[in-house]
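Undergrad: Got a predicted model here, sequence first, then my questions.
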Amino acid sequence: MRKIILIAGPSGAGKTTISEYLTTCYGIPRVVTHTTRPARVGETPGVSYYFETPESMSRLHLFEKVTYGGNQYGSSREGLDRAWEKSDLVSLIVDIAGARSYLEALGDQVYFLYVTGDLATLKERMLARGDDPEKVAGRLAGAELNELPADLAPQAHVLVNQNLTKTEEKLDEIVKKLRD
Ligand SMILES: Nc1nc2c(ncn2[C@@H]2O[C@H](COP(=O)(O)OP(=O)(O)O)[C@@H](O)[C@H]2O)c(=O)[nH]1
Ligand SMILES: Nc1ncnc2c1ncn2[C@@H]1O[C@H](COP(=O)(O)OP(=O)(O)O)[C@@H](O)[C@H]1O
């Protein structure tokens with residue numbers, strides 16, 4: 001059965017690191033999402049994002065959509081199917097609202113990985129990564145924190161990403177289980 005590893009959690013928790021590990025070590029592709037914002041220098045269409053117009057965006061079958069800074073972002077059935085053509089197991093980083101939409105739409109095809117860590121560590125990592133210090137506080141409060149809601153907790157596999165080697169060992173076990 002085709003499956004998707006949904007990766008959610010606070011900023012700085014290690015979602016990108018985990019998604020890249022899955023790609024590098026297991027060839028698990030990340031589902032590419034869509035946006036109406038212009039491509040930045042160095043971004044490749046179809047790799048960074050699928051770059052859309054509001055019109056082409058409206059024709060997609062979107063699981064969920066958000067607007068940031070006047071630009072639309074969304075993940076689509078089409079993008080998921082394209083990733084599934086490459087591999088039966090794919091990953092996608094989503095916020096909690098997105099995770100909810102996928103769990104509702106795809107049920108047991110979803111492996112919901114909730115990555116987290118203690119707030120002091122997340123803050124340190126974001127600053128070390130070069131994030132704007134003014135934005136860091138915002139990302140660790142309110143809805144932006146992407147806390148795990150109580151109703152989604154039974155479906156979540158919580159991974160506390162502290163020691164990277166231990167995290168990678170857990171990911172190895174997860175992939176083995178999902179591919180068996
Ligand atoms: N809900 C949702 N958010 C997305 C999607 N694609 C990208 N985003 C989010 O949109 C936000 C802005 O992305 P972007 O313009 O690339 O800027 P940056 O990630 O802040 O450099 C980020 O928080 C992304 O995670 C999507 O398909 N759905
Ligand atoms: N287990 C870990 N130990 C130390 N640093 C880590 C660990 N996991 C991730 N990092 C680093 O922390 C920062 C945030 O990780 P990232 O994957 O970008 O998080 P997210 O995508 O959830 O915002 C990055 O600079 C990354 O290299």
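TA: Structure received. Ligands and ions are numbered 1, 2, ... in the order given.

Undergrad: At which residues are the strands of the protein located?
TA: Along the chain, the segments classed as strands by DSSP state E run 3-8, 34-35, 50-51, 62-68, 71-76, 89-93, 110-116, 156-160.

Undergrad: CA atoms only: put stretch 150-157 into PDB for me.
TA: Below are the C-alpha coordinates for stretch 150-157, written out as PDB (Å, rounded to 0.1, in the frame of the first residue of the first chain):
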ATOM      1  CA  ALA A 150      -5.100  16.200  22.200                       C
ATOM      2  CA  ASP A 151      -7.500  14.800  19.600                       C
ATOM      3  CA  LEU A 152      -4.600  14.000  17.200                       C
ATOM      4  CA  ALA A 153      -2.400  12.500  19.800                       C
ATOM      5  CA  PRO A 154      -3.700   8.900  19.500                       C
ATOM      6  CA  GLN A 155      -2.700   8.900  15.800                       C
ATOM      7  CA  ALA A 156       0.800  10.600  16.300                       C
ATOM      8  CA  HIS A 157       4.100   8.800  16.600                       C
END
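
Undergrad: And it, how far out from the chain middle?
TA: Offset of stretch 150-157 from its chain centre (CA atoms, centre = their mean, to the nearest Å): 16 Å.

Undergrad: what sits up against it?
TA: For stretch 150-157, contacts defined as CB atoms under 8 Å, 6 or more residues apart in numbering pick out 96, 99, 100, 103, 110, 111, 112, 113, 114, 148, 174. In this view, the C-beta of every residue, glycine as well, is placed from N, C-alpha and C.

Undergrad: ok, and the most crowded of those residues?
TA: Per-residue neighbour counts (other CB atoms under 10 Å) across the contacts of stretch 150-157 peak at residue 99, which has 27 neighbours.

Undergrad: Give me the nearest residue to that one, chain neighbours excluded.
TA: Distances taken as CB to CB, 6 or more residues apart in numbering put residue 8 closest to residue 99, at 4.7 Å, once the chain neighbours are dropped.

Undergrad: picking that back up, kindly report which one of the strands of the chain carries the lowest mean pLDDT.
TA: Confidence, taken as mean pLDDT, is least for strand 62-68 of the strands of the chain (a mean of 90).
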